[in-house]
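In: what's the 3D shape of this:
(4 chains)
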Number of protein chains: 4
Amino acid sequence: MARLGENRYGKAQIRLMKVDRTGDRHAVHDLNVSIALTGDMAATHLSGDNAAVLPTDTQKNTAYAFAREHGVGPVEEFASRLARHLVDTHDSVHGARVHVEEYPWVRVEPHPHSFALSGGEARTATVRYDGRGERVVSGVAGLVLLNTTGSEFQGFMRDRYTTLAEASDRILCTTVDATWRHAGPPADWDVSHAAARAALVEAFADTYSRSLQQTLFAMGDRLVTACDSVAEVRLSLPNRHHFLVDLSPFDLDNPGEVFHVDDRPF
Amino acid sequence: MARLGENRYGKAQIRLMKVDRTGDRHAVHDLNVSIALTGDMAATHLSGDNAAVLPTDTQKNTAYAFAREHGVGPVEEFASRLARHLVDTHDSVHGARVHVEEYPWVRVEPHPHSFALSGGEARTATVRYDGRGERVVSGVAGLVLLNTTGSEFQGFMRDRYTTLAEASDRILCTTVDATWRHAGPPADWDVSHAAARAALVEAFADTYSRSLQQTLFAMGDRLVTACDSVAEVRLSLPNRHHFLVDLSPFDLDNPGEVFHVDDRPF
Amino acid sequence: MARLGENRYGKAQIRLMKVDRTGDRHAVHDLNVSIALTGDMAATHLSGDNAAVLPTDTQKNTAYAFAREHGVGPVEEFASRLARHLVDTHDSVHGARVHVEEYPWVRVEPHPHSFALSGGEARTATVRYDGRGERVVSGVAGLVLLNTTGSEFQGFMRDRYTTLAEASDRILCTTVDATWRHAGPPADWDVSHAAARAALVEAFADTYSRSLQQTLFAMGDRLVTACDSVAEVRLSLPNRHHFLVDLSPFDLDNPGEVFHVDDRPF
Amino acid sequence: MARLGENRYGKAQIRLMKVDRTGDRHAVHDLNVSIALTGDMAATHLSGDNAAVLPTDTQKNTAYAFAREHGVGPVEEFASRLARHLVDTHDSVHGARVHVEEYPWVRVEPHPHSFALSGGEARTATVRYDGRGERVVSGVAGLVLLNTTGSEFQGFMRDRYTTLAEASDRILCTTVDATWRHAGPPADWDVSHAAARAALVEAFADTYSRSLQQTLFAMGDRLVTACDSVAEVRLSLPNRHHFLVDLSPFDLDNPGEVFHVDDRPF
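Out: Here you go, the predicted structure:
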């Protein structure tokens, strides 16, 4: 019979909207919460005894109830509160990973109760807790940035299969998925997140780029410098290619003006 | 043998980025262009004679070349220019429908060449041209709006299958897809579009809503009033349901604070 | 004040699974039901009086209850039953359009209760009913077909913007979205649908194609001939382009063997 | 300055169609290839010196050229061939991970050149190679399975937030993403893959399920037993929830017949 390895179970995509009604103006937190638990699951796998299983339905209920009992606040704190509860109050749950995405609504000024969704970017937090210590990671997902110039790609390795021309002036466009791990909590999670995001955007904008890797390193370096609490940054910057269209068959030049976009922004 | 009815052919999803490099600061137009043509297509359908077919590849080339030759400018004008060219210079093309979506990039201030994509909303234009007259429709797609209060839904029809409770205070959330047809060109397409969009958002925010239909009518009415050139408005406002979570099993009340979201924002 | 035009409201994407438990072997109907109603909606738009509105929640309940009371059967009959009920039993509902997609599960033989989802294709039915007559349309959506040869595209119109080379042997690939309207009910909806689908696939496979339009016409012609009840066919066949890769920079020929696919199959 | 950690770069989503034209009947391989490379990238990150970077464009060209030079065959072999080439012929590339998805086309019998896409399931292979050894993993992605009975979920842990009722007869539905690592190559990759997939499906169908975890273990156990070469199985089985609809407000019972589906199959 097969030997059982590590395993996780949980509830993905708990969609939760919290309205803060205190004060004259409402505020909203629009969250997507995913929970993964580990524990001693041998019995349920082998014999179907579920006594050690906390149903995903209960995990979902807990997220909704915690939003009411404790509010939401910074997503790092919301995720931590859930992770600690799930492990500390259930003997057979040994570890929890809570991942939260928050979608950005902006107020329709000056209306106190009206909001517009501000696009595809999400603020993220991931908290892992094992009953002793926790690991808190903040992030942004889906932040799309573009430089129309100030980017080149030259001097790369060539082999039999190379046809790419060297580019001395190209569009640089990428979808930033960034996460940063905290050595300890910052003074204010919201302030820290804003500073981290600003560092990423600024470094992307003002770095003359000889490669996407160089820009990536500059962004991570800027973030670590800007945020004292941050111990480590991870960045995924897939290129969203913009290809200069060859207009010469139509007797037109194309000095960096018309591009074919390889990816859809949605 | 079957009789041939109306038919259209064309090129969807031409993804085009135009960089305006005049002046110190670049500007970008990020377009998704779709073209549909009608004409006398009997020969190609029946015998495979393609002499009356303008290939979709040529349609795509034309869009790229026109962006270089004439610039982009307001999407209504770009669409009109393409539609008129396609019909007026090809005898066998009798009608053209050009639909353009423009995605919103915002400058990363103060950087002159850096931009961030601002979410899921698109500005749209659709131009139909048949060799004599044209019909110009402007629009927005994917604008997501939310009111956390000021909305009820009561007094609706009841039958055997009704279980819905009357709601005196609910979240109203919808994805606005709106189009408005112009009787004639406004003085400035960009100014007109901004006014139309603002009218939609304002009417959504300040209308006390007894039903989504009432809000819909108020939005259309506000737009027509705000924009002299507009003859007709069409609105699609699918409800993005937010269901109040029943927290009573956990001895918690829920005075309009915690909701389950039925749809994902992406 | 603006004048109110035509309008519809309704419930999209009612996801319903019906298990038929009669007999030794279960059967499943996995449906996605969308309902749109018209009626005299002036009151709700203008004053927020909802007495003429049948809530979308009730529409959803009705779909679930009808699946229990009457079973599902052929989707055309299920849609018709719902449309007739919604109009005939509610004075203020003047018309209904019910669209149903059914997803294909195939039995895991020989197991009587186990099924595997068979891909992206759906069987569709759309019924419009206005209290007097009904219009029944059957269809398939998402059927992806490919010919690796037997397709050319030559002799097309050329203009200043033409760069496309004539192709004497190319891949022809398309996603078939087809609907066909019945003049009256066929003897058996399931048999009729199978014959219609087979006609589309056969005509795609055995027509030597001088253009996608020619293939389209052959498919519609074959379907009308195969199904007595069918009065009209509509086809959407967007090209899924496969571009022959130029391998000559690597001293390799490419006699119709390696292609770049422009679209993802999912 | 920040210290550079591990990093990878590469080309995702190379969409490649290979037509095998030998013999009377064509065959097709429809692939989605993703490549990730590791190496000594300090120079490009820190100074923008790209001499150690193999451009993603070259990686893409290599995949297309290899399909012509060596054919495709089993995806495990295609991935291995690419991974070995990328590392063994480039000093600065120290490791390669090649992931291939193959989409299933079925022949439209008896036509020798016509195919229909058979849904959302993909066969996958992932090969990691570091210049010395390789690690080969086969898999399936997007296989959706359903049991209409033979599944319960009872005896689970309960806490303050538990509302879930015990279920003695429920629908079990899941999207199977499975990977299995080979200790060594099997005699025939295609035969091995078919046996592995059959083991998963059979175990899902004939296991009486007291929890999804029990079914998961049975599926992995069956696969390891069926395939000699397999050393390790990983399974992800997210529940696709089907909720029994409460029809009692309409004076209807619901003995496991009508369900609300929580997820869309597409």
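
In: run through who's touching stretch A:251-263.
Out: Outside stretch A:251-263, the residues within contact range by Cβ atoms under 8 Å, 6 or more residues apart in numbering or on different chains are A:148-149, A:169, A:171, A:240-248, B:15-21, B:30, B:64-65, B:67-69. Every C-beta, even on glycine, is put in place using the N, C-alpha and C of the backbone.

In: what's the burial count for A:Leu4?
Out: For A:Leu4, the neighbour count with other Cβ atoms under 10 Å in any protein chain shown is 15.

In: the residue lying closest to it once chain neighbours are set aside sits in which helix or strand?
Out: Spatial nearest neighbour of A:Leu4, chain neighbours left out: A:His45 (5.7 Å); criterion: Cβ to Cβ, 6 or more residues apart in numbering or on different chains. Applying DSSP states H and E as the criterion places A:His45 in helix A:42-46.

In: right, and the helix or strand after that helix?
Out: helix A:56-70.

In: which other helices and strands does that next one contact?
Out: strand A:9-20, strand A:27-39, helix A:75-88, strand B:258-261 (3 or more Cβ pairs under 8 Å, 6 or more residues apart in numbering or on different chains; DSSP states H and E).

In: ok, the residue nearest to A:Leu4 to chain B distance?
Out: 30 Å (Cβ to the nearest Cβ, to the nearest Å).

In: residue contacts, that residue?
Out: So A:His45 contacts A:Leu4, A:Asn7, D:Gln213, D:Gln214, D:Leu216, D:Phe217 (Cβ under 8 Å, 6+ apart).

In: tabulate those (a markdown table), appending secondary structure and pLDDT.
Out: Conversion of those to a markdown table gives the following (DSSP: H, G, I helix; E, B strand; the rest coil; pLDDT from 0 to 100):
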| residue | secondary structure | pLDDT |
| --- | --- | --- |
| A:Leu4 | coil | 72 |
| A:Asn7 | coil | 81 |
| D:Gln213 | helix | 90 |
| D:Gln214 | helix | 92 |
| D:Leu216 | helix | 94 |
| D:Phe217 | helix | 94 |
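
In: just the buried ones from those?
Out: Among the contacts of A:His45, those classed as buried by neighbour count (16 or more other Cβ atoms under 10 Å in any protein chain shown) are A:Asn7, D:Gln213, D:Gln214, D:Leu216, D:Phe217.

In: what does the closest residue to the first one other than its chain neighbours show for phi and psi?
Out: This means A:Asn7. Excluding the flanking residues, the one nearest A:Asn7 by Cβ to Cβ, 6+ apart is A:Met41, at 5.7 Å. Main-chain torsions, A:Met41, degrees, to the nearest 10: phi -100, psi 10.

In: mind putting the contacts of A:His45 in JSON lines, distance to D:Gly73 included?
Out: Output for the contacts of A:His45, formatted as JSON lines (distance: Cβ to Cβ, whole Å):
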{"residue": "A:Leu4", "distance to D:Gly73": "34"}
{"residue": "A:Asn7", "distance to D:Gly73": "34"}
{"residue": "D:Gln213", "distance to D:Gly73": "36"}
{"residue": "D:Gln214", "distance to D:Gly73": "37"}
{"residue": "D:Leu216", "distance to D:Gly73": "31"}
{"residue": "D:Phe217", "distance to D:Gly73": "33"}
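
In: using PDB, write down the CA coordinates of the helix holding A:His45.
Out: Extracted as PDB, the C-alpha positions of helix A:42-46 are listed here (Å, rounded to 0.1, in the frame of the first residue of the first chain):
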ATOM      1  CA  ALA A  42      -3.900   9.600   8.300                       C
ATOM      2  CA  ALA A  43      -7.300   8.400   9.700                       C
ATOM      3  CA  THR A  44      -9.400  10.200   7.200                       C
ATOM      4  CA  HIS A  45      -7.200   9.100   4.200                       C
ATOM      5  CA  LEU A  46      -7.000   5.500   5.200                       C
END
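
In: buried residues in that helix?
Out: For helix A:42-46, a neighbour-count test (16+ other Cβ under 10 Å) marks A:Ala43, A:Thr44, A:His45 as buried.

In: cool, and stretch A:153-167?
Out: Applying a neighbour-count criterion of 16+ other Cβ under 10 Å, one finds A:Phe153, A:Phe156, A:Met157, A:Tyr161, A:Thr162 buried in stretch A:153-167.

In: near chain D, which of those show up?
Out: Among the buried residues of stretch A:153-167, the ones lying near chain D by Cβ under 8 Å from any Cβ of the partner chain are A:Phe153, A:Phe156, A:Met157, A:Tyr161, A:Thr162.

In: these: which two are farthest apart?
Out: A:Phe153 and A:Tyr161 (16.9 Å; Cβ to Cβ).

In: nearest spatial neighbour of A:Pro112, skipping sequence neighbours?
Out: A:Arg25 is the one closest to A:Pro112 (Cβ to Cβ, 6+ apart), at 4.2 Å.
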